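Peer 1: Structure for this input, please:
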Amino acid sequence: MKIIANAHPEFTLISGLLSLFICVSLLTTTTPAQAAGSGTLAEKQNQQQAENIRRAQIIIKFRDNITHPAEGNFIRQLSRYANAELTYLRPMSGGAHVFTVANVPDEEALKEIIKRLSQRPEIIYIQQDRIIRHQNNKMR
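Peer 2: Next up is the predicted model:
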């Protein structure tokens with residue numbers, strides 16, 4: 001390599017500039033994770049809230065006469081009544097069931113879907129499935 005560098009000084013200059021360019025490129029490249037990390041706290045909260053609404057989940061407790069809430073025809077009936085796309089997710093303890101609601105544009109639309117479904121006679125209760133965080137309040 002020394003022979004080439006001594007014979008061609010421009011080769012040394014070009015390789016040095018190329019190395020510098022590569023180092024600068026690597027240091028200034030923004031990854032998707034870094035880009036997602038930028039923004040104000042309010043923007044992040046709004047984005048998280050919007051994401052939670054788009055993939056909303058609801059909990060429904062049915063009367064005893066509904067024995068197969070995961071059955072396709074029953075879910076299609078509920079979806080038509082709610083004017084929304086419901087998908088059965090899983091059973092819960094206590095006889096309730098979790099459904100996802102696809103493409104909910106906002107909180108008000110989800111409330112309207114819940115209100116509509118709550119009017120069905122086979123539904124005992126319905127509510128949005130939310131993540132509840134413990135606030136670690138110490139009692140004195």
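
Peer 1: what about stretch 108-128, how long is it end to end?
Peer 2: Stretch 108-128 has an end-to-end distance of 12 Å (criterion: C-alpha to C-alpha, to the nearest Å).

Peer 1: Can you point out the helix or strand that includes Tyr88?
Peer 2: Using DSSP states H and E, Tyr88 sits within strand 85-91.

Peer 1: Can you mark which positions in that strand are buried?
Peer 2: Leu86, Tyr88 (16 or more other C-beta atoms under 10 Å). In short, each C-beta sits where N, CA and C put it, glycine included.

Peer 1: Average pLDDT for the following helix or strand past that strand, rounded please.
Peer 2: Next along the chain after strand 85-91, taking DSSP H and E as the criterion, comes strand 96-102. For strand 96-102, the mean per-residue pLDDT is 95.

Peer 1: Strand 96-102: partners in the sheet, and parallel or antiparallel?
Peer 2: strand 55-62 (antiparallel), strand 85-91 (antiparallel) (DSSP bridges).

Peer 1: possible to save the ones you listed as CSV with distance to Glu108?
Peer 2: Below are the strands paired with strand 96-102 laid out as CSV (distance: least, C-beta to C-beta, whole Å):
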stretch, distance to Glu108
strand 55-62, 12
strand 85-91, 18
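
Peer 1: Which among these is found nearest to Gln119?
Peer 2: Nearest to Gln119 among the strands paired with strand 96-102 is strand 55-62 (12.7 Å), distances taken as C-beta to C-beta.
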